[in-house]
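Chemist: Below is the sequence, then the predicted model.
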Amino acid sequence: MKHVILTGKQTTIPKGFHSYANLLERGAKISHQQLAQRQASVNPDAPVEILFTSGTTGQPKAVTLTNYNIVNMAHAIREHLGQFFTRLCAPIPMFHIFSEIVGVLNILTDKNQTVFPDILPNPVATMRAVDEEKCTALIGAPIIFRDILHHPDRSKFDLSSLVYCALGASPMHIDFLREIEQKFPVKRVAQLYGMTENTALLTSSMWAGDENETRRLSSLGRCVQRLEIKVADSQGNPVPIGEHGEICARGFPIMIGYFNDPDKTQEAVTSAGWLRTGDTGRMDEDGYLYYIGRQKEMIIRGGVNIYPMEIENAIAEHPSVAEAQVFSIPDARHGEEVCAWIKLRPNSPVCQPEDIAEFLSDKVAFFKIPKYIRFVDQFIMTPTGKVQKFKMSEAMVVQLNNKTV
């Protein structure tokens, strides 16, 4: 840390600190020629920041992004979604790529207002911000919206100014998105999909507009303008429309690599510039992506591939269930066994594991019904609201071993 800039009035300025007002005064005295020289000295392709991934499947990685990456992505989002962001509420930590690109840089690329309710996601602070600042858009992970939907004080806040809500960071059921539209209420809800490695955004389901509500709520959407998306096999070749494969992307927002880690960089970005997301999906005939699951989270039970999202969506249809997370633990016979952690809706009827298993009996194949079902108050998550299934798996193993002992 070399410099700290202070806002407001200060009587004394300690060494290493600067007054924001003084900096503005100094800047006003700089000539256009000096400004042009300074701008010319900035290399668009130079690394400008290192952001760590969320670590949902393991150790966080240090993503290195350039001026070119972040400025162009901010402009692309403004072109696509700027009409909704006149008064944006961003209840996401500023160390998260989504908050930086969609929240902070929007202020620089468009004439809008961004409100940050709190340092970390806080449902009450978020509702108060929307109410008092009359925010037109709300962005964030699904947990932010679930906490608001189930909060006992939701009716005390006026959320009617909201026109648009954008959700990303983890998969979500179409019924959950419809519930947001109905109960907030809000005119449009859409999914956004992307990673730190691609400077936040790859696709948006708002391309579907209002003409196809089902496609807007169930798909990840089409790729951001001036980007390429493909669904590929293990050799990097595009698979036929409708078939499963790895989602890959190429274009201006792709990172230059993981800091000081050429091996992991080579694994993630091909020689042709394609970013391998590690996510499995399918694409329809109009270029809309549909999420299947995270490759590292796919369960292989007795040699059969099981995608957790299919089971999570089936469990979520139970009237007592608010949310479910499905993952695996090691199993001596089958290699892996299916587990489910479930959060129930407030004041829901009493529900037992056998009730969930019975409910699933005519919805999924018998071998996909979780062997272990636990009801929990919360999931193990990152500070940005992403579920860490590998840690839940570790905790489940500890629970079962302690029970055996």
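Modeler: Thanks, I have the structure now.
Chemist: Going along the chain, name the strands of the stretch 101-250 of the chain.
Modeler: Counting by DSSP state E, counting those that start in this stretch, one finds strands in the stretch 101-250 of the chain at the ranges 113-115, 137-140, 164-167, 188-193, 203-204, 222-223, 227-232, 245-251.
Chemist: Columns mean pLDDT and mean neighbour count on top of the ones you listed, output as a markdown table?
Modeler: Every residue, glycine included, has its C-beta placed from N, CA and C. Formatted as a markdown table, those follow (pLDDT from 0 to 100; neighbours: other CB atoms under 10 Å):
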| stretch | mean pLDDT | mean neighbour count |
| --- | --- | --- |
| strand 113-115 | 92 | 19 |
| strand 137-140 | 94 | 27 |
| strand 164-167 | 94 | 22 |
| strand 188-193 | 93 | 24 |
| strand 203-204 | 95 | 26 |
| strand 222-223 | 95 | 22 |
| strand 227-232 | 97 | 18 |
| strand 245-251 | 96 | 22 |
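Chemist: nearest to Glu211, of those?
Modeler: Evaluated over those, closeness to Glu211 peaks at strand 188-193, with 12.0 Å, by CB to CB.
Chemist: export that closest one as PDB, just CAs?
Modeler: What follows is strand 188-193, C-alpha atoms only, in PDB (Å, rounded to 0.1, in the frame of the first residue of the first chain):
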ATOM      1  CA  ARG A 188     -37.900  -8.700 -15.700                       C
ATOM      2  CA  VAL A 189     -35.600 -11.300 -14.100                       C
ATOM      3  CA  ALA A 190     -32.700 -12.800 -16.000                       C
ATOM      4  CA  GLN A 191     -29.700 -15.100 -15.500                       C
ATOM      5  CA  LEU A 192     -26.200 -14.000 -16.100                       C
ATOM      6  CA  TYR A 193     -23.300 -16.500 -16.600                       C
END
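Chemist: what helices or strands is it leaning on?
Modeler: strand 164-167, helix 174-183, strand 203-204, helix 213-218 (3 or more CB pairs under 8 Å, 6 or more residues apart in numbering; DSSP states H and E).
Chemist: The protein: helices as residue ranges?
Modeler: For the chain, applying DSSP state H gives helices covering 20-28, 32-40, 67-81, 97-98, 106-109, 123-133, 142-149, 174-183, 213-218, 262-268, 308-316, 353-360, 389-404.
Chemist: Output the helices and strands packed on strand 188-193 in JSON lines, with distance to Val326 appended to each entry.
Modeler: As requested, those are exported to JSON lines (distance: least, CB to CB, whole Å):
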{"stretch": "strand 164-167", "distance to Val326": "20"}
{"stretch": "helix 174-183", "distance to Val326": "16"}
{"stretch": "strand 203-204", "distance to Val326": "24"}
{"stretch": "helix 213-218", "distance to Val326": "19"}
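Chemist: Nearest to Ile369, out of the ones you listed?
Modeler: Nearest to Ile369 among the helices and strands packed on strand 188-193 is helix 174-183 (20.7 Å), distances taken as CB to CB.
Chemist: lowest confidence element among the helices and strands of this protein?
Modeler: Lowest on mean pLDDT, DSSP states H and E among the helices and strands of the chain sits helix 106-109, with a mean of 79.
Chemist: Now the residue most central in space within the chain. Nearest residue, chain neighbours left out?
Modeler: Ranked by distance to the mean C-alpha position of the chain (CA atoms, centre = their mean), the top residue is Ala169 at 1.7 Å. Excluding the flanking residues, the one nearest Ala169 by CB to CB, 6 or more residues apart in numbering is Ala141, at 3.9 Å.
Chemist: what's the neighbour count on the one you found?
Modeler: Neighbourhood size, Ala141 [other CB atoms under 10 Å]: 24.
Chemist: Touching, it and Pro171? I think so.
Modeler: No. When contacts are counted by CB atoms under 8 Å, Ala141 is not listed as touching Pro171 (11.1 Å).
Chemist: For the stretch 301-405 of the chain, give me the ranges with low pLDDT.
Modeler: Applying pLDDT under 70 to the stretch 301-405 of the chain flags residues 404-405.
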